[in-house]
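Chemist: from the sequence below, what's the structure:
(2 chains)
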Amino acid sequence: MPDFSLTEEQTSLKDLARKFARTEMLPKAAECDREGRFPEEIYRKAWELGLMNLNIPAEYGGSGLGLMDQCLIVEELAHACAGMTTSIIANCLALEPIVLGGSPEQRQRFLAPFCASYHLASFGLTEPAGGSDAGALKTRARRDGDHYVLDGEKCFITNGPHASLYTVFATVDPSLRHKGITAFVVPRSTEGVVPGKEEDKMGQRASSTSTVRFEGARVPVDHRLGAEGEGFGIAMRTLDQTRTPIGALATGIAQAALDYASDYALKRQTFGKPIAEHQAIQIKLANMAQDVHAARLLTWHAAWTIEHGQRGSLESSIAKCYSSDAAMRVADEAIQIFGGYGYMKDYPVEKLLRDAKLAQIYEGANEIQRIVIAREHLKAYA
Amino acid sequence: MEIVVAVKPVPEAETRLRADPSGARLDGDGVKWVLAGYDESAVEQALLLKEGVPGSRVRVVSFGPAPRTEEVLRASLALGCDLATWVEHPADLVPDPVLVARALARPIAAAAPQLVLLGKQAGDDESGIVPSALGELLGAPSVGAVTDLRWDAARSVFTFHRPVEGGAESYEAPGPLVVGLQQAWNDPRTAKLPNILKSRRAPIEKVAWSETSASLRAAATTPERFQLPAPRTGARLIEYKTPAEAAEKLVRLLREDAKVFP
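Modeler: Reported below is the predicted structural model:
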C-alpha cells in the first residue's frame, strides 16, 4: 500500500524548493514572462543549491533522488514559474538517456561535469515533421570510420541555444523505423551543430526553445549510447522516468491557480459579501480543489509505482495527462473567479493558463498519453 | 576555534497561533518549527567565523522537545555546522529563560568553546535573557545586540559593535565570550540539497535532562495565560468619487477626528 506521509527529509527538500521558488523565481516570473527573458542567473542559483540534475546518481556527484522526491521539488518550483521550472528540469530529461543507456565510463565522462559546474543539456528527439510519431524521425547518422556523421533538424528543443551538450536520437537506417534509431551524445562544440532562433512562445516564456540543426556533425563512436538501434528504447524509457515530474509541474501550476483564486475570493466583495460566500464561487473552488488533490495523488502514485520497480507506463501517463488537463481547468476557473482582472496581465492567473497549455503538449502529447492509457487499460480485458 | 551556537525551534512566521487546552501556552499541534530570525543569523555568523579561521568547528546545541528540536539541529547541520547536541526536554516541563540557560550551560561548557553565539533574542517569546544568564553560568562575559563580530587573529581578540542611540559602540574581548547576535555580516545562507540529505544521516549527541544542572531546579516564573492580540478595529474606508474629494475627506478626518493637525 502506498504511504504518502512525507518523511522529514522530504519535507526539508520541499521546504528548500519552496524557499527558492518564492524568493528567487517568483519575483522575476512576471518580468521573464513579459520579456521572454531566459533568467540564467536563477538557473545558476538553482544549480548551486543542487536543485538541478536531481536524477543523476550520487556516484557521479548528483543528488540521486527518487521520483517522489523529484516530484515534491518540481511542484514547488512550478508553483512560482512553470517556464523556469521547465528549463531547470530540462537537464534531467537530457541526461536521463545517459543514466539509462550509457556505460559506466560514459556516465562518468558525460554526467560528472554537470555536477561539478553549471551546464545545461538538451534532449533532442522531436523533429519538424514528427513529434508524437518518434519512430518516423529523419535525422540521419552515417558511420564513417570511428565517427558518425549526423545530418538533420530537431525542433522545440528546451534550452537549445544555451546547452553545452545534446542527447540526440538519429536513425542509421530509416527503413528500419524504430529499430534504426540510435542515441548519441553530441557536444555543442562539435562543428556542424547549429542551434536556431529562439521561439516566441505562448507561455513558459522564461524557458528557451529553439531548433537545433546538425550539418555533417561528426561525433566519435564512443559518444553512442548503447548499440545501434537501441535509441528508441532509450528514448521511451527516458520518457517513462520524466513523465511523472511533468504531472508534478502541472500540479504546481494548478495549486498556484487555486491559491490565487481562493485568496482573491475571500477578499473581493460583491453584493455586500466576499465572493467566496457565494455558492457559485464555492462550487468552482470545490471543483478546483478536487482537481488539484487528484492531480497530486495520481502523480505521487505514479512515482510510488515506478519507485517500487514497475515500469509504470499506465500510472505515469495518467499522472501527466490528468494533471496537465486539470491545470488547464483550474487556471481557466481561476481567471473566471478573478473576472475582468483575471484577463489582465497585471494579475498572475492568465500566465498560469498559458503555462499550463504546454504541459498538455510536451513530453508526449496528451493524445499519446490516452493511447497508452487505453492500450494498458484494455490489456486487462483482452 | 571551537564555536558553539545555541538555537531554539520557533513557529514559522506564517503559523496561525492558538492557545493549548491549558490556556497558558501555545498549542504546538500542527505547527511547523523552524530556525528563525536572530538564530539564523547566529548560525550564519558562526559559519563565517569558522570559514575565516582554519581548523575551526561549529557545534550547534538546542534544548527542547523532540521532534522539533531535532529538526532545527538538522537544519543547522545542513547549513554547515559540524556537530550537534540535543539537550533532552521533559515533556511536561515549562521552563523559564534562566532554566533554559541552566539546561544549556553544562553541555556547552563540555565543548570548551572560545565563542558561544546565540540570537540576541528568540523569534517567539523574545525574552533576550538566555545569552546573559548563560554568560553568568559559564563565568564568561556576555554581550547582547552584537553586530560586525570578527576575530582578530593577530591579537587573539574578538572585535564587535553594538548599536546605541545615534551611533555604535566598539568593543574587543578575548574568548571565551557569550554573544547575543543582532546581525551577521551576510544574509543567512540557504542549505544546499546535498547537504540537506547528508544532515539527515548525521549523528546528534544527546544529553539527558538528568545530566543538566537545570534538572535540580524549578522555573522561577511560569506563564499564566496565552493570549492573542484582539483583532484590530477602527479602520475606516473613505467613500469618494474623485481623488480631490478623497483628499478633502481625509484631511478633515485627520484634523477633526484624529486631531493630527490643529
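Chemist: need the residues of the stretch 101-250 of chain B near chain A, please.
Modeler: B:190-197, B:199-200 (C-beta under 8 Å from any C-beta of the partner chain). C-beta: built from backbone N, CA, C; applies to glycine.
Chemist: wouldn't A:His301 be in contact with A:Ser316 here?
Modeler: No: the pair A:His301 / A:Ser316 is not scored as a contact, 9.6 Å apart, by C-beta atoms under 8 Å.
Chemist: just to revisit the earlier point, now, among the residues of the stretch 101-250 of chain B next to chain A, which is nearest to chain A?
Modeler: Nearest to chain A among those: B:Leu193, at 3.0 Å, using C-beta to the nearest C-beta.
Chemist: give me the nearest residue to the residue of chain A found nearest chain B, chain neighbours excluded.
Modeler: Chain B sits closest to A:Gly50 of chain A, with a gap of 3.0 Å, by C-beta to the nearest C-beta. Excluding its sequence neighbours, the residue lying closest to A:Gly50 (C-beta to C-beta, 6 or more residues apart in numbering or on different chains) is B:Leu193, at 3.0 Å.
Chemist: likewise for A:Tyr60?
Modeler: Sequence neighbours aside, A:Leu111 is the residue nearest to A:Tyr60 in space, at 4.2 Å (criterion: C-beta to C-beta, 6+ apart).
Chemist: quickly find the element holding that neighbour.
Modeler: Using DSSP states H and E, the secondary-structure element containing A:Leu111 is helix A:104-116.
Chemist: keeping just the C-alphas, turn that helix into PDB.
Modeler: Coordinates of each C-alpha in helix A:104-116 appear next as PDB, following Å, rounded to 0.1, in the frame of the first residue of the first chain:
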ATOM      1  CA  PRO A 104      29.700   3.300 -16.600                       C
ATOM      2  CA  GLU A 105      32.600   5.000 -18.400                       C
ATOM      3  CA  GLN A 106      30.300   7.200 -20.400                       C
ATOM      4  CA  ARG A 107      28.200   8.100 -17.400                       C
ATOM      5  CA  GLN A 108      31.400   9.200 -15.600                       C
ATOM      6  CA  ARG A 109      32.600  11.200 -18.600                       C
ATOM      7  CA  PHE A 110      29.300  12.900 -19.500                       C
ATOM      8  CA  LEU A 111      27.400  13.200 -16.200                       C
ATOM      9  CA  ALA A 112      30.100  14.200 -13.700                       C
ATOM     10  CA  PRO A 113      30.900  17.600 -15.400                       C
ATOM     11  CA  PHE A 114      27.200  18.600 -14.900                       C
ATOM     12  CA  CYS A 115      27.600  18.000 -11.200                       C
ATOM     13  CA  ALA A 116      31.000  19.700 -11.000                       C
END
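Chemist: what's the first helix or strand after that helix?
Modeler: Counting by DSSP H and E, what follows helix A:104-116 is strand A:121-124.
Chemist: can you list the strands that that following strand pairs with?
Modeler: With DSSP bridges as the test, strand A:121-124 is paired with strand A:165-171 (parallel).
Chemist: export the strand it pairs with as CSV, just CAs?
Modeler: C-alpha atoms of strand A:165-171 as CSV (Å, rounded to 0.1, in the frame of the first residue of the first chain):
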residue,chain,number,x,y,z
LEU,A,165,25.5,19.0,-24.7
TYR,A,166,22.7,17.4,-26.6
THR,A,167,21.4,13.9,-26.4
VAL,A,168,20.3,13.3,-30.0
PHE,A,169,18.2,10.5,-31.5
ALA,A,170,19.0,9.7,-35.1
THR,A,171,18.5,6.8,-37.4
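Chemist: helix or strand right after it?
Modeler: Taking DSSP H and E, what comes next after strand A:165-171 is strand A:181-187.
Chemist: mind listing what's buried along the helix or strand just after that next one?
Modeler: Downstream of strand A:181-187, the next assigned helix or strand under DSSP H and E is strand A:193-198. The neighbour-count check on strand A:193-198 (16 or more other C-beta atoms under 10 Å in any protein chain shown) flags A:193, A:195-196, A:198 as buried.
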